[in-house]
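Peer 1: Okay, here's the prediction I keep looking at, along with the sequence it came from:
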Amino acid sequence: MPRPPALGTRWWLTTPGRLGFVLAVPLLGLVNQYLGFLVLIAAIVLIWKGCPWQKGVKVAATIGAMALLGAVIPDPPEGGASDTVAQADAKGAEKERTAAISPSPSAAGEQERPSEPPPQAPDYRGLRLDKARDKAEAAGFGVGEHDASDQDKSIFIRLNWTVCFQKTGRTYGGTKTIDFGAVQTGAPCPEVDGGAIRWPKMPDLVWKTWRTAQKEV
């Protein structure tokens, strides 16, 4: 029968606290993959740092936490990561060629005037998409938006997206326009608009000390 925690023990160092971190891995992984990785690291550290569990239980809990996170992360498309990057680069190049030979519609539904230089705009990159839109509209811009990754997802909840790219222009009516390329908050920006998101590779932290694991992460 496990001993009750000593008075003054921090809740996350108790058995229910450690189990809570393990169970939180898949739940937060569903919300955001990067957040799921961070909780997985915290769970592994709590399992191995000062934990009274037997070694076999620790190993099983570590493997279980990793399996739970892996179960909620979608599999990469067939062909491997290198194929995805190559396809995304080709897609980005095709977009640039299409934009060069055909006029693109603005947020107001008009065609851009190629005779004038694009208007200057503040740098909205790094802002939440909803805040960037508010600021751009207040500055007199007609605003458009799109998924900056190769997934080409529809944007529904702007507060869950972050601006990575922006491009300004003018319509034939003289309206200033700005088009935002955004990714879901927590994801790294792709190298080019329309490119693949390169997630950081999770290092192998099992059997390593907290100090070493913290430096590698």
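Peer 2: The structure has been received and is ready for your questions. Residues are numbered from 1 along each chain as shown.
Peer 1: Do you have the strands of this structure handy? List them.
Peer 2: Ranges of strands in the chain, per DSSP state E, are 141-147, 161-170, 176-184.
Peer 1: From the centroid of this protein, which residue is nearest?
Peer 2: Per CA atoms, centre = their mean, the C-alpha nearest to the average position across the chain is that of residue 187, at 1.3 Å.
Peer 1: just how off-centre is stretch 154-169 within its chain?
Peer 2: Distance of stretch 154-169 from the chain centroid (CA atoms, centre = their mean, to the nearest Å) equals 13 Å.
Peer 1: The strands of the chain: which one's closest to residue 208?
Peer 2: strand 176-184 (30.3 Å; CB to CB). For the C-beta atoms, the positions are set from N, CA and C on the backbone; glycine is no exception.
Peer 1: which sections of the chain are below the confidence cut-off?
Peer 2: Low-confidence segments of the chain (pLDDT under 70): 1-9, 11-12, 28-29, 69, 71-115, 216-217.
Peer 1: ok, which stretches of it are helices?
Peer 2: Here the chain has its helices, by DSSP state H, at 15-31, 33-48, 55-72, 80-101, 129-138, 210-216.
Peer 1: quick one on the thing from earlier: got a markdown table for the strands of the chain, with mean neighbour count and distance to residue 201 too?
Peer 2: Below are the strands of the chain laid out as a markdown table (neighbours: other CB atoms under 10 Å; distance: least, CB to CB, whole Å):
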| stretch | mean neighbour count | distance to residue 201 |
| --- | --- | --- |
| strand 141-147 | 20 | 23 |
| strand 161-170 | 21 | 21 |
| strand 176-184 | 23 | 18 |
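Peer 1: Residue 57: neighbour count?
Peer 2: Neighbour count of residue 57, defined by other CB atoms under 10 Å: 12.
Peer 1: swap in the one 5 residues further on?
Peer 2: The burial metric for residue 62, expressed as a neighbour count using other CB under 10 Å, is 19.
Peer 1: ditto for residue 154
Peer 2: The tally of other residues near residue 154 (other CB under 10 Å) stands at 6.
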